[in-house]
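**Q** next come a sequence and a model predicted from it.
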Amino acid sequence: EEVPSQTFDNKDYFCGKETFPVYQSIFTEEGETIRKIAVETEKPPQIEIHVWTIRKGILRHFYVEKMSKREFEELPYFKQITRTTPSQWKIFSEGEAQISQMCESRVCRTELEDLVKVLYLEKSEKGHC
């Protein structure tokens, strides 16, 4: 008999809230770190990738690119880190806009890390939804 496993897709895990997967990829080359946070949306069905280029802790470049799920599936270097809700994603996007302005001239390592933590949802206890 199979025991149902606790996966990111399990609605009970997030109290039945609408969630979508979040992926991450981090490259370091020539003293620069390129961090990409990608989210898969259903309406429209696409992948939104937020790209941060960080040099010596300073956010040098930030942009957003969009692509189809099929194109995204061909990229080998992303791994799923969590699922998030539309409201958490909105908080992330708004915070990102503020940080991109703040961090053009100063080191922002902790701010960027804290922003990514916004996407992680608290696991709900059964019966506490």
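**A** Received the coordinates, thanks. Residues are numbered from 1 along each chain as shown.

**Q** now the strands for the protein?
**A** Using DSSP state E, the strands assigned to the chain run over residues 20-29, 32-42, 45-55, 58-67, 79-84.

**Q** including mean neighbour count and distance to residue 120, could those strands go into a markdown table?
**A** To be clear about C-beta, it is placed using only N, CA and C from the backbone, and glycine gets the same treatment. Below are the strands of the chain laid out as a markdown table (neighbours: other C-beta atoms under 10 Å; distance: least, C-beta to C-beta, whole Å):
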| stretch | mean neighbour count | distance to residue 120 |
| --- | --- | --- |
| strand 20-29 | 15 | 9 |
| strand 32-42 | 17 | 12 |
| strand 45-55 | 17 | 16 |
| strand 58-67 | 14 | 20 |
| strand 79-84 | 16 | 5 |
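
**Q** compare those and give me the one nearest residue 113.
**A** Proximity to residue 113, assessed across the strands of the chain by C-beta to C-beta, is greatest for strand 32-42 (10.0 Å).

**Q** I'd guessed residue 58 sits against residue 109; true?
**A** No - taking contacts as C-beta atoms under 8 Å, residue 58 lies outside contact range of residue 109: 9.2 Å.

**Q** go ahead and confirm residue 41 touches residue 49.
**A** No - with contact defined as C-beta under 8 Å, residue 41 and residue 49 do not form a contacting pair (11.5 Å).

**Q** sorry, back to before: and residue 103, which of the strands of the chain is closest to it?
**A** Comparing the strands of the chain by their distance to residue 103 (C-beta to C-beta), the top pick is strand 58-67, with 3.9 Å.

**Q** just the mean pLDDT for that closest one, thanks.
**A** Here the mean pLDDT over strand 58-67 is 89, rounded to a whole number.

**Q** go on, stretch 80-100?
**A** Throughout stretch 80-100, pLDDT has a mean value of 90.

**Q** pull out the buried positions in that stretch.
**A** For stretch 80-100, the buried set under the neighbour-count rule, 16 or more other C-beta atoms under 10 Å, comprises 81, 82, 83, 84, 88, 89, 92, 95, 96, 99, 100.
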